[in-house]
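# sequence and predicted structure below; questions after.
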Amino acid sequence: MNWITIVWPMVASACLTLGLIELRIALNRPLDGARLLFSLSAFAAAAACGLELAMMRANSPLQFQALLNGFDVAAGVVIASLGGFVWLYFRCGNKWLALAGPAIYAVGLVFEFLPGWALCDLTELQTIDTFGGASYRVAVLVPNPLIALPYLGVLLLLVFVVHASIELARRGQRRRAAVIGGSVVVWAIGAGTHSALIEVGVLQMPYLVSPAYLVIMLAMAYQLTSDVSAAAQLGRQLQESERRMDLASAAAGLGVWVWDLRRNAVWATAKIHSLFGIPQSERLDPARLIAAVHPDDRDALRHAVEASLTNDRDFEVEHRVPRGDAAVRWIATRGRVERDASGSPILLRGVALDISARRRSELELQQLQSQLAHSSRVSMLGQLSSALAHELHQPLCAILRNAEAAELFLQQDPPMLGELRPILADIRADNQRARDVIERLRRLLKRRSMASQTLALGDLFGDTAALTRADAAARSIRVEIEGGSDLPKVQGDPVHIQQVLLNLVVNAMDAIDREPADDRWVAVRARQHGRSEVEVAVSDSGHGIRPEDLGSLFEPFFTTKAEGMGIGLTIARTIVEAHGGRLWAENVPPAGATFRFTLPVAAEGAVR
Amino acid sequence: MAIQNSLSVGAGDDEPRRSFARLLRAAGMRPLTHASAEALLADTMHRRFDCLVLDVQLPGMTGHELQEQLNASGFATPIFFITAYDDRGSRQRALAAGCARYFSKSDPGRVVLDALRAVVGKPPGNA
């Protein structure tokens, strides 16, 4: 045992250690090609180191030649992988230059393995004693001109690395360029020159390719240390910013989640657990989150996510999460897809927010609106009540007269039974008329929330005509209601649309009453407006709306009537807009005012 | 002597008119009905009536207007009003123009029949 048998194994184990460390880092996701190539070069350097030691202890020229060939291959791998490493690590330099060095070196190797083309002739071995009682073998070599090929390869590598380092330094990464580029250059010059001097017979020394590699190892170890401390720094910053984001999102009531599509794993803040009612200790995955959603809303959420994955748009779903106490929590979940370079989705990132309070106030508002609409209907029917009483009076009187007539026919001798049949038929018909009046009133007086359905305007027009007929007759106003039956069906709530129609017709009659005129009429007309809408126009023979009132007509509590509350038109507009339509007023001579509103054509009606 | 009544009950509804005419027929009278004041005027040229029974609310010309026009042309037949619009103004206007009786539609048929018989001088219960 002497210093040679200590130094070379130490160099080899140092190379192996660094190679393994770099390999471990390289195999982290995503795969790091630069570090993979570096670890390859370290393993090749370890192999070269072993071969150097073996050559020093070779017993015959033949054995030395075989070891030398292997050594040249290992050195070639070091050169090629270092070139690739610099290319990938620096992300600059000339690609062809990086390839040219190893390629020319490889050509040299091919010649070395061809019989009769060996780069050097190996004639004999010499044993040289050195200090510390150690001795080693060297070969007497006679090189031929092809020996220049591998050295040309090393030279090209050198040029590539110098060029790439200068370019990297220009981009501002001076330290990395100096440390990594400098170490590779020092190694190439040192190991290359030394080997060349051995092969031309100037030096009688063992090869020192692997000990020289220690320079690169030191440089990489230094780089690794600064990378690690930078990563630690980054980690601290990341933790800090995560804490800040947690604080901000908690303050905003936001839960934040990320769904890794490749691993099908979910990361989420604590708020997500509490929003979805999942214990903090439980691990999350997509299936667990979906299972926490109200059964009726799960499909909607799934579809929204799937749609977002295909069409690349953000998604937003409002869904319920059942709570333990039979109540539900309303959550708005929003998300966005992130894709890799090839466009395939890698993760979904999003937030969830508790919107129960908003939902509750929306619901309360809806209830208030329907209560207001109801009281407006009741007040409107109050206005029509004397006319409606008359409407009910007519059939009742007719029934009375018919009953009296029947009594008289029965008192005849003989009783005139033949007269009874038409009397009974008339009584039945009058009873039906009275029932219809009551049914129309009942529908309008009932307190109800809006429920949309497909309906024919013609039916509504018929009811409007029936409800206003008596009032119009009492005021000597002609109410002409036309159309509706040949139009496509519309989508809407019959009672609420009836209320709008009645309100406009009663308003029109009030407007006419204020102005004495000979020809007093109200006209209701409906026509199709475009493909998707039906327009209803209510016009009258009054003097129209004063221009200064046109702007404030639909404002709450605006009224021109002495006993009006000023909410009828406001509610009418709210109702029409809730149906997806518009309601507006205009003066169209020669008529007085014209009120128009639109309603969407029902999906099945549009086919016509 | 057969009684011929002409009565028009308005608002375009013929059920009340038909039921009243039926009552008159059951009481042994011979009513003729007209759908409007204008239709009745056209008919007065050709027929003699013992009594006219009118409603106030008619399509077109009102019962009051008809009464006033008939008065102006010297028409002397007694006029009854039977109407659902039993308000003070309407009643006073009809009586001022010389109407014989003014009834509400809900008044019992027997009362109306007795009044009619009194006007046309026919003893009750004798067809």
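Structure received.

# mind listing the helices for chain B?
B:15-26, B:37-44, B:63-72, B:88-96, B:109-120 (DSSP state H).

# buried sites along stretch B:106-122?
B:Asp107, B:Gly109, B:Val112, B:Leu113, B:Ala115, B:Leu116, B:Arg117, B:Val119, B:Val120, B:Lys122 (16 or more other CB atoms under 10 Å in any protein chain shown). The way it works is simple: take the backbone N, C-alpha and C, and place the C-beta from them, glycine included.

# now A:Ala15, what's its secondary structure?
Just to correct that, residue A:15 is Cys rather than Ala. Under DSSP: H, G, I helix; E, B strand; the rest coil, the three-state class of A:Cys15 is helix.

# quick one: contacts for it?
A:Ala42, A:Phe43, A:Ala45, A:Ala46, A:Cys49, A:Ser210, A:Tyr213, A:Met217 (CB atoms under 8 Å, 6 or more residues apart in numbering or on different chains).

# can you do 10 Å?
Contacts for A:Cys15 were tallied using CB atoms under 10 Å, 6 or more residues apart in numbering or on different chains; they are A:39, A:41-50, A:78, A:210, A:213-214, A:216-217.

# in helices only, show me these.
A:39, A:41-50, A:78, A:210, A:213-214, A:216-217.

# show me what secondary structure element comes after the host helix or strand of A:Ala352.
Assigned by DSSP states H and E, A:Ala352 belongs to strand A:345-354. Moving toward the C-terminus from strand A:345-354, the next helix or strand (DSSP H and E) is helix A:356-411.

# leaving out chain neighbours, which residue sits closest to A:Leu408?
Among residues not flanking A:Leu408 along the chain, B:Ala26 sits closest, at 3.5 Å (CB to CB, 6 or more residues apart in numbering or on different chains).

# quick one on the thing from earlier: kindly spell out which helices and strands sit in contact with the strand holding A:Ala352.
strand A:254-260, strand A:265-268, helix A:270-275, helix A:298-311, strand A:315-322, strand A:328-339 (3 or more CB pairs under 10 Å, 6 or more residues apart in numbering or on different chains; DSSP states H and E).

# dump the C-alpha coordinates for that strand into CSV.
Output in CSV follows, covering the C-alpha atoms of strand A:345-354 (Å, rounded to 0.1, in the frame of the first residue of the first chain):
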residue,chain,number,x,y,z
PRO,A,345,-54.2,19.9,-19.2
ILE,A,346,-52.0,19.4,-16.2
LEU,A,347,-53.9,21.0,-13.4
LEU,A,348,-57.0,22.9,-12.4
ARG,A,349,-56.6,25.8,-10.0
GLY,A,350,-59.5,27.6,-8.3
VAL,A,351,-61.3,29.1,-5.4
ALA,A,352,-64.5,28.4,-3.5
LEU,A,353,-66.6,31.0,-1.8
ASP,A,354,-69.5,30.8,0.6
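
# pull up the pairing partners for that strand, direction included.
The strands that strand A:345-354 pairs with in its sheet are strand A:254-260 (antiparallel), strand A:328-339 (antiparallel) (by DSSP bridges).

# contact partners of the shortest one?
For strand A:254-260, the surrounding residues in contact (CB under 10 Å, 6+ apart) are A:242, A:245-246, A:248-250, A:265-276, A:284-286, A:289, A:305, A:331, A:333-335, A:337-338, A:345-354.

# are any of those buried, and if so which?
In these, the ones that pass as buried (16+ other CB under 10 Å) are A:249, A:266, A:268-269, A:271-273, A:275-276, A:284, A:286, A:289, A:305, A:331, A:333-335, A:337, A:345, A:347-348, A:350-354.

# who in chain B is up against chain A?
Contacts of chain B with chain A, taken as CB under 10 Å from any CB of the partner chain, map to B:9-28, B:57-59, B:62, B:82, B:84-85, B:104-110, B:112-113, B:125, B:127.

# who touches the closest residue in space to A:Thr123 that isn't next to it in sequence in this structure?
Excluding the flanking residues, the one nearest A:Thr123 by CB to CB, 6+ apart is A:Val140, at 4.9 Å. Listed by CB under 10 Å, 6+ apart, the contact set of A:Val140 reads A:Pro61, A:Cys120, A:Asp121, A:Leu122, A:Thr123, A:Glu124, A:Leu125, A:Gln126, A:Gly201, A:Gln204.
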